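# The following block contains a protein sequence and its predicted model.
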Amino acid sequence: MTQQNTLHQDTRPKNYLGSVLLFLGIFITATIVGILLILGMLTTFKIRWKIGYIWCAIIGWMTKVFCGLTYEIEGLENINPQQPAILLSNHQSAWETLALRYILPPHSVVIKRELLFLPIWGWSLLTLKSIVIDRKNQRASLRVLLKDGAEYLNQGLSVLIFPEGTRAPAREVLKFNIGGAILAQKTGFPIIPIAHNAGDYWPRYSFFKYPGIIKVKIGPMIETKGRKAADINAEAEGWITQAMKAMD
């Protein structure tokens, strides 16, 4: 889906003060929380997840106070904390990488290897059972996803994947990589699609955030047992694309 962004972001007043305060808030607290998570390796995953959850909730509060940016959710009833699933979300900004950690039950997130090059911040992601992939080596990345993804799902932990592989422009959905669907085909765990329009208010590659309400839509469970990965992927991509169109 490719559409012209009707919000004309370049014409909106820049929220200089709020965006600066949010940046400083994230920078300072991320360093503190990163150290706590690394030290938390001596504790359980449940405790480390709670630390990350609280931090992301604080960032959500800062985003609301400093930038006037909030969110609303539709379809949260489609998430069953007792049923591990493969969560497929579109990717438009940094917002969803933070917000989904406290919107959704505990889960593993697929992240790019380059994030581990960030001292403290990147290292701390390893404490949260992240699945690290090398986007330059697709075969190796798929092997890691299938191995670690199946392990975490069987442990009762959902797996969050951004199948576009990179942040898309606002109001666009890029072609899905098939890795998440292959994981679903091989494990039989269901897929839950998630759509949002965060890019309208927290654009990719932009320092500025804009006030408003981000819409998040969580779709019904997609059964995967006995199905081909291509069909699973097409259904998930189609649902997210249609959900995005409905947000216009």
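That came in fine, so what should we check first?
# pLDDT weak spots in the chain?
Residues of the chain meeting the criterion pLDDT under 70: 1-10.
# residue boundaries of the strands in this structure?
Applying DSSP state E to the chain gives strands spanning 69-74, 86-89, 107-112, 131-133, 158-161, 191-196, 212-218.
# Between those, which one is closest to residue 224.
When the strands of the chain are compared by C-beta to C-beta, strand 191-196 sits nearest residue 224, at 6.0 Å. C-betas here are computed from N, CA, C, even on glycine.
# Could I get the full set of helices for the protein?
Ranges of helices within the chain are 16-39, 45-67, 95-103, 121-125, 138-154, 179-187, 229-246, based on DSSP state H.
# can you redo those helices as a markdown table with mean neighbour count and distance to residue 197?
Listed next are the helices of the chain as a markdown table, based on neighbours: other C-beta atoms under 10 Å; distance: least, C-beta to C-beta, whole Å:
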| stretch | mean neighbour count | distance to residue 197 |
| --- | --- | --- |
| helix 16-39 | 15 | 19 |
| helix 45-67 | 17 | 15 |
| helix 95-103 | 20 | 10 |
| helix 121-125 | 19 | 25 |
| helix 138-154 | 16 | 27 |
| helix 179-187 | 22 | 21 |
| helix 229-246 | 18 | 7 |
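# quick revisit: out of the strands of the chain, which gets nearest to residue 53?
Between the strands of the chain, strand 107-112 lies closest to residue 53; by C-beta to C-beta that is 11.0 Å.
# OK, contacts around the residue sitting nearest the centre point of the chain?
The chain has residue 97 as the residue nearest its centroid, 4.0 Å off, counting by C-alpha atoms, centre = their mean. Each residue near residue 97 by C-beta atoms under 8 Å, 6 or more residues apart in numbering is listed here: residue 109.
# Kindly reformat the strands of the chain as a markdown table and extend each row with distance to residue 32 and mean neighbour count.
Output for the strands of the chain, formatted as a markdown table (distance: least, C-beta to C-beta, whole Å; neighbours: other C-beta atoms under 10 Å):
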| stretch | distance to residue 32 | mean neighbour count |
| --- | --- | --- |
| strand 69-74 | 23 | 16 |
| strand 86-89 | 27 | 26 |
| strand 107-112 | 20 | 20 |
| strand 131-133 | 23 | 21 |
| strand 158-161 | 24 | 26 |
| strand 191-196 | 28 | 25 |
| strand 212-218 | 26 | 20 |
